[in-house]
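In: Requesting a structural model of the entry that follows:
(one chain, ligands or ions: 1)
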Amino acid sequence: MEATLSPKPHFVVIPWPTSSHIIPIVDIGCLLALHGAAVTILTTPASAQLVQSRVDRVGAQGDSAGIEVAVILYPSVEAGLPEGCERLDHVPSPDLVPSFFDATTRFGDAVARHCRLMASPRRPSCVIAGMCNTWASGIARELGVPCYIFQGFSAFALLCCEYLHTHKPHEAVASPDELFDVPVLPPFECKFARRQLPLQFLPSCSIDAESLQELREFELAVDGIVVNSFEELEHDSAARLAAATGKTVLAVGPVSLCHAPALDVSDDATRCMAWLDAKKAKSVLYVSFGSAGRMPPAQLMELGMALVSCPWPVLWVIKGADALPDDVKMWLQENTDADGLADSQCLAVRGWAPQVPILSHPAVAGFMTHCGWGSTLESVAAGVPMAAWPFTAEQFLNEKLIVNVLGIGVSVGVTKPTEGVLTGGSGGAKVEVGMEQVKSALEKLMDGGAEGEDRIRKVQELKAKAKAALENGGSSCMNLDKLVQSVV
Ligand code: UDP
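Out: Numbers count the residues shown, from 1 in each chain. The predicted model follows:
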């Protein structure tokens with residue numbers, strides 16, 4: 001008699017549609033496939049190429065066979081968005097953000113219809129959903145399978161958020177500047193001002209109360225939390241998060257290490273790498289504020305003046321450069337290398353930089369970052385110390401982890417969120433960080449004497465632990481196995 005092979009466990013991965021979430025959650029899908037699972041990644045036409053290109057890179061390692069990329073139409077126009085606007089970072093104006101949430105809710109109906117039709121042997125055994133896909137827990141319940149959430153935050157930031165939800169210390173302060181304790185990781189002291197907290201804890205927030213409630217209900221409804229991190233990194237934040245939430249918490253990263261750093265063939269990518277190749281080892285400062293982060297023009301000028309006058313070659317990624325006032329554009333043209341001359345001191349990149357290959361290039365010595373968790377972890381995985389310039393969301397929490405808990409970075413000393421982070425703010429927005437303050441943080445980062453050496457030693461140790469976490473027997477490797485086995 002022929003033995004019946006039981007089908008592989010099948011994970012349905014549903015990214016929250018914004019670039020910096022799609023990247024790591026697709027990598028989680030790739031890692032699950034490398035651990036023997038079947039994986040379907042649900043995406044939309046405008047993101048299909050981004051998703052497929054990451055899946056294909058796993059194929060180069062010999063195992064993309066288990067991954068299917070299913071494209072479902074995204075109802076942009078029906079929700080009042082421009083045609084093809086299928087990612088939050090592509091929404092042209094903040095007024096349209098509610099329409100984007102509306103489109104994503106409608107997309108959830110299409111996802112549910114798609115999942116109902118998935119038959120054996122690819123019947124779903126588990127759903128992993130991005131942070132705002134609140135309908136995903138309902139789909140999982142209907143299918144009778146567990147649902148995991150992927151928020152893209154560090155375990156430490158999620159732990160802080162859980163504390164804030166439960167104890168509400170931010171509601172007891174007299175002003176948004178008053179510091180209060182978030183004692184989640186003793187003996188480290190973690191103090192924040194209310195204005196430095198993620199959006200849902202601010203006194204007024206661009207997301208309405210009903211949507212915030214829905215997001216929280218989704219967090220409470222899921223069976224577990226998948227984190228792009230590794231257990232050795234954030235002290236015992238993941239275990240404490242599990243205890244605080246009563247949910248399974250699995251750290252499975254750094255997911256960027258699931259591929260060898262690969263370059264797209266864009267002009268920006270080629271120019272960045274050629275420019276870096278011409279620089280001395282450990283000489284370059286890399287400056288980037290995530291997939292979409294912008295600062296007001298006056299603040300950008302202070303940063304720019306510090307960057308062009310510092311003694312290190314600088315690779316500076318600028319988002320929204322087309323929307324800058326003409327005088328700032330002119331200044332950039334005259335003071336940075338827009339054309340990629342190999343011997344220039346400051347290369348300004350206005351498009352999409354190949355961040356993971358940049359961070360692992362031997363010329364790079366330091367990273368000025370907005371402390372987005374993807375960037376932070378990529379820097380750790382490459383062993384590069386950081387200068388922390390948080391903009392918004394949970395980035396002030398990550399700064400605390402980088403600077404005070406892990407000792408692998410210096411603080412630029414930003415105290416409040418950046419105005420108009422997706423739009424560049426109003427022309428009149430004030431400068432918070434002057435040129436001298438930026439220079440002093442950069443000196444500490446790039447030339448920090450014994451303290452600088454100590455930061456480098458610590459981040460190099462974490463780099464080795466990051467790699468080991470994903471190898472056979474490593475903590476992230478075992479957590480991936482645990483996840484796959486839990487749904488067999
Ligand atoms: N990224 C990139 N090139 C860019 C800008 C960003 O490759 O020019 C990638 C970066 O490597 C990271 C993600 O985009 O994977 C940014 O994620 P993060 O969580 O740091 O910040 P967010 O964009 O969510 O603010």
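
In: those helices in the stretch 251-400 of the chain, which residues are they?
Out: 267-277, 297-309, 326-335, 355-359, 373-382, 395-400 (DSSP state H, counting those that start in this stretch).

In: so which of these comes closest to residue 201?
Out: Nearest to residue 201, of all the helices of the stretch 251-400 of the chain, is helix 395-400, at 10.6 Å by Cβ to Cβ. C-beta coordinates here come from the backbone N, C-alpha and C atoms, glycine included.

In: Make JSON lines from the helices of the stretch 251-400 of the chain and add mean pLDDT and distance to the ligand to it.
Out: Conversion of the helices of the stretch 251-400 of the chain to JSON lines gives the following (pLDDT from 0 to 100; distance: least, Cβ to the nearest ligand atom, whole Å):
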{"stretch": "helix 267-277", "mean pLDDT": "90", "distance to the ligand": "8"}
{"stretch": "helix 297-309", "mean pLDDT": "95", "distance to the ligand": "16"}
{"stretch": "helix 326-335", "mean pLDDT": "92", "distance to the ligand": "16"}
{"stretch": "helix 355-359", "mean pLDDT": "96", "distance to the ligand": "3"}
{"stretch": "helix 373-382", "mean pLDDT": "98", "distance to the ligand": "3"}
{"stretch": "helix 395-400", "mean pLDDT": "98", "distance to the ligand": "8"}
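
In: Make TSV from the ones you listed and add distance to residue 167 to it.
Out: Output for the helices of the stretch 251-400 of the chain, formatted as TSV (distance: least, Cβ to Cβ, whole Å):
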stretch	distance to residue 167
helix 267-277	44
helix 297-309	34
helix 326-335	43
helix 355-359	36
helix 373-382	23
helix 395-400	15
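
In: Adding mean neighbour count and distance to residue 126 as columns, could you present the ones you listed in a markdown table?
Out: Output for the helices of the stretch 251-400 of the chain, formatted as a markdown table (neighbours: other Cβ atoms under 10 Å; distance: least, Cβ to Cβ, whole Å):
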| stretch | mean neighbour count | distance to residue 126 |
| --- | --- | --- |
| helix 267-277 | 17 | 35 |
| helix 297-309 | 20 | 44 |
| helix 326-335 | 14 | 47 |
| helix 355-359 | 23 | 27 |
| helix 373-382 | 26 | 23 |
| helix 395-400 | 26 | 28 |
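
In: Tell me which of the ones you listed lies nearest to residue 16.
Out: Short answer: helix 373-382, nearest of the helices of the stretch 251-400 of the chain by Cβ to Cβ, at 12.9 Å.

In: how far out from the middle of the chain is the closest one?
Out: 9 Å (Cα atoms, centre = their mean, to the nearest Å).

In: and residue 345, how far is that from residue 50?
Out: According to Cβ to Cβ, to the nearest Å, residue 345 stands 32 Å off from residue 50.

In: oh sorry, the question was meant for residue 291
Out: If you go by Cβ to Cβ, the gap between residue 291 and residue 50 works out to 11 Å.

In: who has more neighbours, these two?
Out: Legend: neighbour count by other Cβ atoms under 10 Å for residue 291 and residue 50, higher for residue 291 (21 against 16).

In: picking up where we left off before, between residue 291 and residue 50, what contacts are shared?
Out: residue 19 (Cβ atoms under 8 Å, 6 or more residues apart in numbering).

In: what sits against the residue of the stretch 351-488 of the chain found nearest the ligand?
Out: Ranking the residues of the stretch 351-488 of the chain by distance to the ligand (Cβ to the nearest ligand atom) places residue 372 first, at 2.4 Å. Counting by Cβ under 8 Å, 6+ apart, residue 372 makes contact with 20, 289-291, 293, 393, 395, 398.

In: again with residue 49
Out: Residue 49 touches nothing, counting by Cβ under 8 Å, 6+ apart.

In: wait, is it part of a helix?
Out: Yes - counting by DSSP: H, G, I helix; E, B strand; the rest coil, residue 49 falls inside a helix.

In: returning to that earlier point: using CSV, lay out the contacts of residue 372 together with distance to residue 479.
Out: Putting these into CSV (distance: Cβ to Cβ, whole Å) gives the following:
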residue, distance to residue 479
20, 22
289, 30
290, 26
291, 26
293, 30
393, 25
395, 25
398, 21
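
In: so how far is the top helix by length along the chain off the chain centroid?
Out: Scanning the chain for the helix with the most residues, using DSSP state H, yields helix 449-470. How far helix 449-470 lies from its chain's middle: 20 Å, per Cα atoms, centre = their mean.

In: what's the answer for stretch 281-291, then?
Out: Using Cα atoms, centre = their mean, the offset of stretch 281-291 from its chain centre is 16 Å.

In: in the chain, what spans have low per-residue confidence?
Out: 1-6, 60-65, 338-343, 422-428 (pLDDT under 70).

In: what residues does it put near the ligand?
Out: 19-20, 23, 288, 290-293, 317, 352-353, 355-356, 372-375, 378 (Cβ under 6 Å from any ligand atom).

In: how does it look with 8 Å?
Out: 18-21, 23-24, 89, 152, 256, 268, 288-293, 317, 319, 349, 351-356, 359, 369-376, 378, 391, 393, 395 (Cβ under 8 Å from any ligand atom).

In: Kindly tell me how buried residue 429 is, as a neighbour count.
Out: 16.

In: which residues touch it?
Out: Residue 429 neighbours (Cβ under 8 Å, 6+ apart): 296, 298-299, 419-420.

In: What of residue 131?
Out: 16, 21, 149-152, 215.

In: Okay, and which of the residues you listed map to helices?
Out: Using DSSP H, the contacts of residue 131 in helices are 21, 215.

In: Compare the contacts of residue 131 and tell me which has the most neighbours.
Out: residue 149 leads the contacts of residue 131 on contacts (other Cβ under 10 Å) with 27 neighbours.

In: who does that residue bridge with?
Out: Listed beta-bridge partners, residue 149: residue 129, residue 225 (assigned using DSSP bridges).

In: quick one: contacts for it?
Out: So residue 149 contacts 128-131, 218-219, 222, 224-226 (Cβ under 8 Å, 6+ apart).
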